[in-house]
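K.L.:
Next one to model:
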Amino acid sequence: MKVERLGEWGLIRRIRRTIGSGAPGVRVGIGDDTAVLQLTAGAWLLATTDLVIEGIHFRRRSAGPADIGWKAMAVNLSDIAAMGGTPRFALVALACPEETEVEDVDQFYDGLTAAAAPHGVALVGGDTSASPAGWIVNVTLLGEIEGAPRLRSGARPGDVVAVTGVLGRSAAGLAVLEAGRRPDLPGPVLDEVERAHLRPAARVAEGKWLATHDAVHGMIDLSDGLATDLGHIATESALAARVALPRLPVAPSARAVAQALGLDPVELATTGGEDFELLFTMERSAAEVIATSLGSATGAAVTVIGEISDGAPGVTFLDAEGRAVDVGHGYEHFHG
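P.N.:
Numbers count the residues shown, from 1 in each chain. Okay, the predicted model is just below:
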């Protein structure tokens, strides 16, 4: 059945049945003019929103409706994770063409709720609309934090720069999906990079853990690429950052895809974007303990890749000989 046959209110009733209600902290959910929500006493409210637009953030030929829903939620979860917060409530606006199959909308919400469920996030409202062309998704995610959030402006001179996990898989996955041919690589390698792009995992537990440690100062999630996102920390903190390229934890799967498709694995890791790992700065003296303890607590690896110092705000990348190299820039929506 097409969405146009079901109608807006029929679609909303269907979504409401899919999502359900009764989550902790939800006094009034879908069905009234606004949601009525209960936050933890003494906590700060965190609010973030992201647009996901067909033709810019995804293509229907490579991303199914469930993938779109998952990613729309995951990018917002990652923003809350970067503050060290706990995600709580989501509002979802969906615009799609009238000829969209209702089953595609069902799958979209299935993917969205699947990404939200592990973190206890309740879907409490939103909006639906017809779109003249393509899908447009906007998720607003509300979270909370009881202590001080970790900000981009929090880096300090003498800090080391560290990153969770590995880099380059999402960009490698996009390259595979856009290549028009399947590289001659083992299935598990291709599955890993494609899933990293289509179904990224937000580092919520890691962000909450890091935010409880005073030695951790500045933090951001890697959405636009290491070069751009570390640049945000440097700019907002009014400090200089240096990164040693040989230290980067480039994923073996990303290296394999880069070799197969004639790409630069370092470029995938520095400017590819959408890894949704956490990039943070911390006191050098605490780095080893924090890396080991975070690994024990969450299973996430931590790699120290550089340092912060006084100087003109910006990022310098150094090769194995210590020479500055230009790695380019990450993703920007508006550029000349």
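K.L.:
in the stretch 101-250 of the chain, which spans are strands?
P.N.:
122-130, 136-145, 160-164, 216-221, 240-244 (DSSP state E, counting those that start in this stretch).
K.L.:
Now do the fourth one: which elements does it pack against?
P.N.:
Counting contacts by 3 or more Cβ pairs under 8 Å, 6 or more residues apart in numbering; DSSP states H and E, the secondary-structure elements packed against strand 216-221 are helix 65-83, helix 204-210, helix 226-237, strand 278-282. All C-beta atoms are positioned from the backbone trio N, CA, C, and that covers glycine.
K.L.:
so how far is the second one from its chain's centroid?
P.N.:
Here the centre of mass of C-alpha atoms in helix 204-210, compared against the chain's by Cα atoms, centre = their mean, to the nearest Å, lies 14 Å away.
K.L.:
Also the longest one?
P.N.:
The chain centroid and the centroid of helix 65-83 are separated by 6 Å under Cα atoms, centre = their mean.
K.L.:
the inter-axis angle of it versus strand 160-164?
P.N.:
150 degrees (axes from the mean of the first three to the mean of the last three Cα atoms, to 10 degrees).
K.L.:
pLDDT (mean, whole number) over helix 65-83?
P.N.:
Helix 65-83 shows a mean pLDDT of 97.
K.L.:
For that helix, enumerate the helices and strands it packs against.
P.N.:
strand 44-53, strand 86-96, helix 102-116, strand 136-145, helix 187-198, helix 204-210, strand 216-221.
K.L.:
List just the one of these that sits closest to residue 266.
P.N.:
helix 187-198 (16.0 Å; Cβ to Cβ).
K.L.:
about what we covered before: would you mind checking which of the strands of the stretch 101-250 of the chain scores lowest on average pLDDT?
P.N.:
strand 122-130 (a mean of 91).
K.L.:
Packed most tightly, which of the helices and strands packed on helix 65-83 would that be?
P.N.:
strand 216-221 (a mean of 24; mean count of other Cβ atoms under 10 Å).
K.L.:
Let's see that strand as PDB, backbone CA atoms only.
P.N.:
The C-alpha trace of strand 216-221 is given here as PDB (Å, rounded to 0.1, in the frame of the first residue of the first chain):
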ATOM      1  CA  VAL A 216      39.600  14.100  30.100                       C
ATOM      2  CA  HIS A 217      39.100  17.700  28.800                       C
ATOM      3  CA  GLY A 218      37.900  18.200  25.300                       C
ATOM      4  CA  MET A 219      35.700  15.800  23.200                       C
ATOM      5  CA  ILE A 220      33.900  15.500  19.900                       C
ATOM      6  CA  ASP A 221      32.600  12.700  17.700                       C
END
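K.L.:
returning to what we had before: any chance of the helices and strands packed on helix 65-83 in JSON lines, plus distance to residue 293?
P.N.:
As requested, the helices and strands packed on helix 65-83 are exported to JSON lines (distance: least, Cβ to Cβ, whole Å):
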{"stretch": "strand 44-53", "distance to residue 293": "24"}
{"stretch": "strand 86-96", "distance to residue 293": "20"}
{"stretch": "helix 102-116", "distance to residue 293": "27"}
{"stretch": "strand 136-145", "distance to residue 293": "20"}
{"stretch": "helix 187-198", "distance to residue 293": "25"}
{"stretch": "helix 204-210", "distance to residue 293": "8"}
{"stretch": "strand 216-221", "distance to residue 293": "11"}
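K.L.:
Relative to residue 128, which of these is closest?
P.N.:
That would be, of the helices and strands packed on helix 65-83 and by Cβ to Cβ, strand 86-96, which comes in at 5.4 Å.
K.L.:
helices or strands next to that closest one in the packing?
P.N.:
By 3+ Cβ pairs under 8 Å, 6+ apart, strand 86-96 packs against helix 65-83, helix 102-116, strand 122-130, strand 136-145, helix 204-210.
K.L.:
Now do the end-to-end distance for stretch 304-313.
P.N.:
20 Å (Cα to Cα, to the nearest Å).
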